[in-house]
Each structure stands twice: as C-alpha cells, then as structure tokens.
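Peer 1: okay, here's the prediction I keep looking at, along with the sequence it came from:
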Amino acid sequence: METITEVIRAIEQNSRFLLLTHKKPDGDAVGSVCAMGLLLRAIGKEVDYVIDGRVTENLKIEKEAARFRCETNDIYDAVIVLDCGDDEILYGREYLSAGPVRIVIDHHATNRQYGDINLVDDAIAATGELVVDLYDAFQVPISCEAAAWLYLSLATDTGNFRYSNVTAQTHFKMARIYEIRDDLAVINRQIEAYDVSKLIYLGKIIEHMQSYFDGRLLMSYLTRADYIDGVLDENHEAQLQNIIDFMRGVEGVEVAVLLKMTAGGTLKASLRSNTDFDVAVIAAEFGGGGHSKAAGFDVDLNVEELMAMLEKSIGEQL
Ligand SMILES: [Mn+2]
C-alpha cells in the first residue's frame, strides 16, 4: 500500500489526534501543524496540539495557534508528528506513546523513520506541501485560515520561493493559496518583520567572518561575549534565524557556516550550501542532520577547534 494511503486509512479509522512538531518550531513546523489540525477538524476529528512554548509571535498569524498547549494528560488514538526528522529534537517526545499509532509526516532526507507510518518525501520544499496533498486526498477545500498557515509553511521553508528546493509543484500549490487569500503580502510583512537586534548581530557576524579556499567557504560565529547583555534570549535568537543567508549570498561562496554558542556552552552550527555540496553529510559527521543545502548540529567544542575541524572536513569535499 502506498504510504499516503496508509496515512489516510489511519486518519479515517481514528478520532482523537495529538499533533507534535520539533522544538523551537519554525514557519513550516507551525504552518504544517495548524493546516493539518484544521484538516482533521474539518473531517470531524478531535485535535490537540502540544507545541514548544517558544513559538515566536510573528509566526502566530491566525487563530489556531491559540489552541497550542505545552503538555497534556490525555490519551489519543494517534499521534501525528510534522516536520521533525529526528525524535531527539521533537518537542514532547514522551507523548509519542500518548496513542497506539504514530504517524510521521516530513521532508527531511535524514528522517529517522521513527513512526509506525512514515510519510517522508525529501523532494518537496516544505512539510506543508504534503498537507496540501492530504487536503486533496480527503477532498476537503482549503479554508481561508488553512491557506494562511500553508503560506507560512511554504514561504518560510523556501526563502520566499527562492531556494533550489522549489519546484513547479510548490508553485502550483501556492497558486491555489493565492486564489483563496488576497492579503498574503500583509501576512508576509508580519512574518518577516525584525528587531534592530538583528542588525547588531549581523555586525558581529561580519566582524568575525573568515574566508577559506579562495572564498568558497565562509565561516563566522557568535559567542557569549557578542550577545546583548551577555545572553542570547529567545527573542534575540529568533532574530538570528536565516541571518546566515547574508553569508550564503556572497559571490563565489559555496558553503556558509555560522556557529552560535548556547547558554550551556554548546556550539550550534548552521550550514548552508549554494551548490551540489551536501551539507547534511557534514552535519551527520558531527551527529546532526538536515537537508543537502541546509543542515545543522550541536557539539561541545570551542569555536577554534570546531572551525579547524570544519575547514578540514568541508575542504576535503569541496
Ligand atoms: Mn520543513
């Protein structure tokens, strides 16, 4: 049986669903979860969301986010996890056993297939694309609110439809969203608005930037000394999302790497590729994962050690 058919059967045969996604949810996580929840509710199912409280305000674009909670004591028929390739980074991992059936819907090439049913397609740009397929499978029209959540999902995971993960299918799906809503520019402005702290951090990143292999690799970092008031609070951390794109965009750059020190002293590495260079392979060497063009990992090393290791590892494959 085709996997999507298995997902449809599992949804049809059950009535109470718990929806989960990864920690520090991004636009695709929040967008795909809410669009999925609205689909389930449209076909008469009960839905609860257990979502990391660190969802940033700019992603709460519609009412469904008011239903988010951080924990539950309930028992469900099935647990659906969206946009999370690894149960290690799943928020509410203990709730994987809150129901007898686990369904994983995702688009990470490194997905660990930790569900009973794993609907994983790494050829699509955003998990929201799979949710659109499910609306079609159930013949449920996409509501005005669901359209906003699907826009959030697709626009953020594609860098506003500029990344190489975008296909004609992404645009065909998006065209339908534009037929439903005419205020997507307003929503986009809300999603993308940033704080002045973003510019302060950008200054630090430029100051620390180092170029390797004739500019084919750019690396930079932020340590505690760079953080406003010495800490990277959640609000400021959210401002750093996608800031690496300023490095990736430099002419001649094939790989960009940004290291951020966490409160615990662990380094969080973000890697981006402009070419066929597969940064998920590099991330996997350090115990992380992601996509071929966007990947990451966490490691307990200091900045100098890690930059030397990455220079060697990336240099061997450039
Ligand atoms: Mn995603």
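Peer 2: All right, it came through fine.
Peer 1: contacts, neighbours, all on C-alpha from now
Peer 2: OK.
Peer 1: all strands in the stretch 1-150 of the chain, in order from the N-terminus.
Peer 2: Along the stretch 1-150 of the chain, the segments classed as strands by DSSP state E, counting those that start in this stretch run 16-20, 46-50, 68-69, 78-82, 101-106, 117-120.
Peer 1: what lies in contact with the fifth one?
Peer 2: Contacts of strand 101-106 from elsewhere in the structure, counted by C-alpha atoms under 8 Å, 6 or more residues apart in numbering, are 7, 77-85, 96, 113-122, 127, 130.
Peer 1: buried ones among those?
Peer 2: For the contacts of strand 101-106, a burial check counting by 16 or more other C-alpha atoms under 10 Å picks out 7, 77-85, 96, 113, 115, 117-122, 127, 130.
Peer 1: quick check: the residue lying closest to Leu154 once chain neighbours are set aside vs Leu240, distance?
Peer 2: Nearest residue to Leu154, sequence neighbours excluded (C-alpha to C-alpha, 6 or more residues apart in numbering): Ala126, at 5.6 Å. Ala126 is 20 Å from Leu240, where distance means C-alpha to C-alpha, to the nearest Å.
Peer 1: looking at these two, which has the bigger crowd around it?
Peer 2: Ala126 (30 against 18; other C-alpha atoms under 10 Å).
Peer 1: doesn't Ser153 make contact with the more buried one?
Peer 2: Yes - the criterion here is C-alpha atoms under 8 Å, and Ala126 meets it with Ser153 at 6.4 Å.
Peer 1: so what's in contact with those two at the same time?
Peer 2: Asp28.
Peer 1: how about low-confidence regions in the stretch 101-250 of the chain?
Peer 2: By pLDDT under 70, the stretch 101-250 of the chain has no low-scoring segment.
Peer 1: try 80 this time
Peer 2: 234 (pLDDT under 80).
Peer 1: what residues does it put near the ion?
Peer 2: With C-alpha under 5 Å from the ion as the criterion, the stretch 101-250 of the chain meets the ion at residues Ala126.
Peer 1: report the contact partners of the residue in the stretch 101-250 of the chain that the ion sits nearest to.
Peer 2: Nearest residue of the stretch 101-250 of the chain to the ion: Ala126, at 4.7 Å (C-alpha to the ion). By C-alpha under 8 Å, 6+ apart, the contact set of Ala126 is Asp28, Asp83, His107, Ser153, Leu154, Asp157, Thr158.
Peer 1: equivalent analysis for Ser32, please.
Peer 2: Counted by C-alpha under 8 Å, 6+ apart, Ser32 has contacts Leu82, Asp83, Thr127, Gly128, Val131, Trp149, Leu150, Ser153.
Peer 1: residue contacts, the third one?
Peer 2: Translated: Thr127. Thr127 touches Asp28, Ala29, Ser32, Leu82, Asp83, Ile105, Asp106, His107, Ser153, counting by C-alpha under 8 Å, 6+ apart.
Peer 1: switch to 10 Å and redo it
Peer 2: 28-29, 31-33, 82-84, 105-108, 119-121, 150, 153-154, 157 (C-alpha atoms under 10 Å, 6 or more residues apart in numbering).
Peer 1: also the fourth one?
Peer 2: Shown here is Gly128, whose contacts under the criterion C-alpha under 10 Å, 6+ apart are 27-36, 82-83, 105-107, 134, 149-155, 157, 170, 173.
Peer 1: tell me the spacing between it and Val101.
Peer 2: Where Val101 is concerned, Gly128 sits at a distance of 21 Å (C-alpha to C-alpha).
Peer 1: ok, now the first one?
Peer 2: Applying C-alpha to C-alpha, one obtains 14 Å for the distance of Leu82 from Val101.
Peer 1: quick one: Asp136 and Arg176 touch, right?
Peer 2: No - Asp136 lies out of contact with Arg176 (C-alpha atoms under 10 Å); the separation is 11.8 Å.
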